[in-house]
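J.: all I have is the shape, not the residue letters:
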């Protein structure tokens with residue numbers, strides 16, 4: 001049951017990230033991209049079919065929440081969630097973004113040369129760095145804050161008492 005709860009917490013964190021991205025893209029227009037990165041990644045490789053980007057996004061969030069609980073166990077807390085989220089953000093900046101065509105940390109890449117209406121267009125690298133970092137901090141706060149409360153992880157000392 002612990003792993004299912006951790007997965008649900010991760011899916012919730014992913015939902016919050018996705019909701020904020022949609023507001024940034026479609027409501028306020030402040031997002032530096034036109035398509036959420038998970039959808040952009042699949043689109044770059046011709047795989048953005050139906051609900052697949054959402055399934056990947058929520059599955060990724062659920063999986064990393066489980067990894068958080070598996071790695072930190074009873075020490076799972078806000079700091080652990082933020083640490084994991086920071087690592088995921090660095091992976092995104094160094095590996096995932098270049099694969100999308102957005103370059104390392106949003107610099108370079110083909111996304112800047114596309115028309116601003118293109119789904120794979122990327123605007124300001126600084127906005128990209130800040131926006132994705134903040135979104136990852138939100139995700140990390142959710143998984144690091146909610147997992148310990150909901151799954152009630154206990155240390156081995158507490159469990160044997």
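T.: Looks like it came in fine. Predicted model, so just to flag it, every value in this text is computed and none were measured. Numbering: from 1, shown residues only.

J.: what distance do you get for the residue most central in space within the chain to residue 116?
T.: Here the mean C-alpha position of the chain is nearest to the C-alpha of residue 136 (C-alpha atoms, centre = their mean), at a distance of 5.5 Å. Separation of residue 136 from residue 116 (C-beta to C-beta, to the nearest Å): 25 Å. Using the backbone N, CA and C atoms, a C-beta is placed for each residue, glycine as well.

J.: repeat for residue 71
T.: Residue 71 is 40 Å from residue 116, by C-beta to C-beta.

J.: cool, and residue 30?
T.: 14 Å.

J.: between the two, which one's more packed in?
T.: residue 30 (11 against 8; other C-beta atoms under 10 Å).

J.: and what about the more buried one, helix, strand or coil?
T.: Three-state call for residue 30 (DSSP: H, G, I helix; E, B strand; the rest coil): coil.

J.: now it: how far from residue 45?
T.: 27 Å.

J.: need the helices for the chain, in chain order.
T.: Assignment of helices within the chain using DSSP state H yields the ranges 2-22, 37-44, 52-72, 78-91, 97-100, 125-151, 156-160.

J.: just checking, what packs against the longest one?
T.: Here helix 125-151 is seen to pack against helix 2-22, helix 52-72, helix 78-91 when contacts are counted using 3 or more C-beta pairs under 8 Å, 6 or more residues apart in numbering; DSSP states H and E.

J.: helices and strands around the second one, which ones?
T.: For helix 52-72, the elements it packs on are helix 2-22, helix 37-44, helix 78-91, helix 125-151, judged by 3+ C-beta pairs under 8 Å, 6+ apart.

J.: turn those into TSV, columns for mean pLDDT and distance to residue 53.
T.: Below are those laid out as TSV (pLDDT from 0 to 100; distance: least, C-beta to C-beta, whole Å):
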stretch	mean pLDDT	distance to residue 53
helix 2-22	96	10
helix 37-44	93	4
helix 78-91	98	17
helix 125-151	96	16
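
J.: format those helices as JSON lines; extra columns: distance to residue 97.
T.: Converted to JSON lines, the helices and strands packed on helix 52-72 look like this (distance: least, C-beta to C-beta, whole Å):
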{"stretch": "helix 2-22", "distance to residue 97": "15"}
{"stretch": "helix 37-44", "distance to residue 97": "8"}
{"stretch": "helix 78-91", "distance to residue 97": "10"}
{"stretch": "helix 125-151", "distance to residue 97": "8"}
